[in-house]
Every structure is written in C-alpha cells, then in structure tokens.
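> the following block contains a protein sequence and its predicted model.
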Amino acid sequence: MNILSDHNIANSLRINSKCRYFIEINEISEFKKLYDFINEQKKPIFILGEGTNIVPNDYYDGIVIKPRFNHIKYDKSKCIVSVGSSVNWHNFVEEMVENNIYGFENLSLIPGSVGASPIQNIGAYGQDVSELISKIDCFDYKKNKLISLSNSDCNFSYRNSSLRDKPYIIYNIDFHINRPKLLNLKYDSLQNYIKKNNLNASKLSLSDTSKIIINIRNSILPDPNSIPNAGSFFKNPTIREENINTNQFSLDELIIWKRNSNNVKVGAARLIQLIKDDLNNHNNVSIYSEHALILISNGKASQKDILNFANNIKEVVMKTFNISLDIEPTVIN
C-alpha cells in the first residue's frame, strides 16, 4: 500500500485538484492496512477510477483511494468473466467483441474504468451495464470485511445504484458471457446511421456494431484527452407529462419517451438546446457545440466555475419547463 500526501486528483475536466492523502491498493491483502489507516485518520473517503465522471474541488481534505486490479479471467463453465475494477472499460469491451461475446458492443468507447461502471449504471444506445453484471466483489472499509453483491443487491435504476452511498471499494466484477447472440439496433441514432450509410442491418457483425457506436460517439462527443469534459453532465429527467410548462415551447418541440402510464422521460439535451441563448456567459466553461449535454472547459476551470454554469442551466430549465435536472457526474467536496 502506497500512501502519498497532497497528491493530484486526476480528472478529465482538468480541474487543478489535490487531496490530503492518495493511496493505491494493489492486493486484496492490503485492505486490512487500509482499514487501519482510515480509522486512524478519520477523514472522508473517495474511491477514484479514471476520473472521467467527477467534478473535484480544489482541495479534498480526505483520502482518495485508487484500486489497481487489472485481471481478466474467464470461467466458461459458469459463463462468467471476472474483471478487475481498474481495467479500462473500452479495452474490456474490445476484448468481449474480439471474443464474439454479445451484450457489450453498444457500450463501446464509454470512458472510465470497469469498477466505476455499476455505480451509476452506465448505459448507451439501449444497453445498461446492469443487464450484464452477475456479481460485484467489494471491500467494506467501515466494517473491515470482504463482501459479494448480487445484481439485485445493487438496486440498479436509470444511471444509479445503491453503490453510490455505500462504503465499498470494488475490486472485481463478474459479467455474464452467455447472452443471446442478438444485436440491439433499435436505438434511433443507430437506425439513422445504418440508413444514412446504406448498411444492411441483417448482415452487421458484432465488430461492425461496435465500430458504428464508436463512429457515432466520436461524431458528437469530445475526446476528454483533447477537450476537458466529464461526459454527459445531466440525466434525462422523468416527470409527469402534464407538469411540463408549455408556455414557451410545445411538447412537440421536446424529445419525450413514454416510461409508463404516469411518467415520461424527457431529453435533457433538447431542453438545454432550447434555452442556451438565455444562459449567462461563464468564464472557462461552455456547452459543447455538438452535444448540449456536454459541458466543456478550457482547462482553467475550477469546481466552482463548473457548478455555477451547471446551476445556471438548471435554473433556466426549471423556470422555462418546470423540469428539474440532476447532475450525472460525482461532485467531490
């Protein structure tokens, strides 16, 4: 176990952020030492993946823990692949595609680590990671014990899970590798891409589908290595349709998906597109031109800059549509 003081918190928004203590964990056997250190210091804890979905403050007076578990092990008798929490998510998806394992292809090119994927139940193009998970192995740093969570234990929902509020360090996730060999091409943007490029959907391979997802994402989402961002900044809100304020914009001008007999899901990107001219100008932060859900910085933004801009968006959306937007990335205070 390696303990560093006043260490940088790596993040894709490039906020200049440091923490009191930074600890890397490479072995399960190190968890006991970690538990002792945590109890000795009595500081807040944050578990860091690749930092692609966080908004850290300038100084975190706490302990940042970085797991370093990089294994990928197959148990074909159980139709399971066990994956270390620090494995890069897209690299893992590429391996699944190369091994002709279905179910992961629509999640291609999502940034971050495997361990971070269940916490907010990452999803894209009609696929959620919760549909692929068998179990999650964690260390409970408050009770000093290893635990295994079933899929149902995690209480997965849209871009959320009960893991968010638990004192768990994920070190391994077991994924199902025996899903039906069927492609999920129902999402509108996939259908539009297939039609625009004159592709025969019935002849698309697993690799073809992954490449299509990558091409679509590259066309609308900025590479965090080039443009600082934390991915989609707001969740698509769920609301009763009759509660939407239509004084300025009609329902036909919004993107709405039926959820059930009572609620609809509303496209947050369209809401932001419609009100962006009413926003205040903010130093160092702006809306990405190709996708209104992405907030980008010039690399000089602080957490305060980012959140002030986000709150301005939330206020104008609420005033205009009577819809509350929730921030998707994790805010570290």
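Nice, thanks for sending it over.

> roughly how far is the top helix by length along the chain from the heart of the chain?
The longest helix of the chain (DSSP state H) is helix 303-321. Centre-to-centre, helix 303-321 and its host chain are 20 Å apart (Cα atoms, centre = their mean, to the nearest Å).

> pull up the pairing partners for the helix or strand of the chain with the lowest mean pLDDT, direction included.
One helix or strand of the chain scores below all others by mean pLDDT, DSSP states H and E: strand 256-258, with a mean of 89. Here strand 256-258 has these sheet partners by DSSP bridges: strand 263-266 (antiparallel).

> neighbouring contacts of the partner strand?
With contact meaning Cβ atoms under 8 Å, 6 or more residues apart in numbering, strand 263-266 is reached by 236-241, 244, 254-259, 321, 323. Where you see a C-beta, it was placed from the backbone N, CA and C, and this is true even at glycine.

> give me that answer again for 7 Å
The contact list for strand 263-266, computed with Cβ atoms under 7 Å, 6 or more residues apart in numbering, reads 236-241, 254-259, 323.

> quick one, which of those are buried?
N236, P237, T238, I239, L254, I256, I323 (16 or more other Cβ atoms under 10 Å).

> surely the fourth one is within a strand?
Right, I239. Yes. Membership of I239 in a strand is supported by DSSP: H, G, I helix; E, B strand; the rest coil.

> in contact with it, which residues are there?
With the criterion set at Cβ under 7 Å, 6+ apart, I239 makes contact with N263, V264, V266, I323.

> pull the most distant pair out of the residues you listed.
N263 and I323 (12.2 Å; Cβ to Cβ).

> tally of neighbours for N283?
13 (other Cβ atoms under 10 Å).

> repeat for G115
27.

> ok, K203 next?
7.

> check the one 10 residues further on too.
If you count neighbours by other Cβ under 10 Å, I213 ends up with 24.

> which of the helices or strands spans I272?
Assigned by DSSP states H and E, I272 belongs to helix 268-275.

> what does that helix rub up against?
Contacts of helix 268-275 (Cβ under 7 Å, 6+ apart): 234-237, 249, 253-255, 287, 291-293, 313, 316-317, 320-321, 323, 325.

> and after it, which helix or strand comes next?
strand 285-287.

> any idea how far the residue nearest the centre of the chain is from K135?
The geometric centre of the chain, computed from its C-alpha atoms, lies nearest to I122 (Cα atoms, centre = their mean), at 4.9 Å. With distances taken as Cβ to Cβ, to the nearest Å, I122 is found 17 Å from K135.

> ok, Y59 - how many residues close by?
The burial count for Y59: 13, using other Cβ under 10 Å.

> who does the helix or strand containing V55 touch, helix- and strand-wise?
Using DSSP H and E, the element containing V55 is strand 54-56. Helices and strands touching strand 54-56, as assessed by 3 or more Cβ pairs under 7 Å, 6 or more residues apart in numbering; DSSP states H and E, comprise helix 303-321, strand 330-332.

> list the strands paired with that strand, with their directions.
strand 330-332 (parallel).

> now do the SS call for the closest residue to D61 other than its chain neighbours.
Spatially, and ignoring its direct neighbours in sequence, D61 is nearest to R20 (5.2 Å; Cβ to Cβ, 6 or more residues apart in numbering). Put simply, R20 is strand when judged by three-state DSSP.

> R20 against K43, yeah?
Yes. Between R20 and K43 there is a contact under Cβ atoms under 7 Å: 6.3 Å.

> quick check: neighbours shared by the two?
In contact with both R20 and K43: D61, G62, I63, using Cβ under 7 Å, 6+ apart.

> next, format those as CSV and append pLDDT.
Below are those laid out as CSV (pLDDT from 0 to 100):
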residue, pLDDT
D61, 98
G62, 98
I63, 98
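
> strands of the stretch 51-200 of the chain, start to end?
For the stretch 51-200 of the chain, the strands defined by DSSP state E, counting those that start in this stretch occupy 54-56, 59-67, 72-75, 80-84, 123-124, 127-128, 133-140, 145-150, 168-176.

> what's the closest of these to I3?
Among the strands of the stretch 51-200 of the chain, the nearest to I3 by Cβ to Cβ is strand 59-67 (8.9 Å).

> report the buried residues of that closest one.
Applying 16+ other Cβ under 10 Å to strand 59-67 flags Y60, G62, I63, V64, I65, K66, P67 as buried.

> sheet-wise, list the partners of that strand with their directions.
Assessed with DSSP bridges, strand 59-67 is paired to strand 18-25 (parallel), strand 45-47 (parallel).

> would you reformat those strands as CSV and include mean pLDDT, mean neighbour count and distance to Y35?
Formatted as CSV, the strands paired with strand 59-67 follow (pLDDT from 0 to 100; neighbours: other Cβ atoms under 10 Å; distance: least, Cβ to Cβ, whole Å):
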stretch, mean pLDDT, mean neighbour count, distance to Y35
strand 18-25, 98, 20, 11
strand 45-47, 97, 19, 11
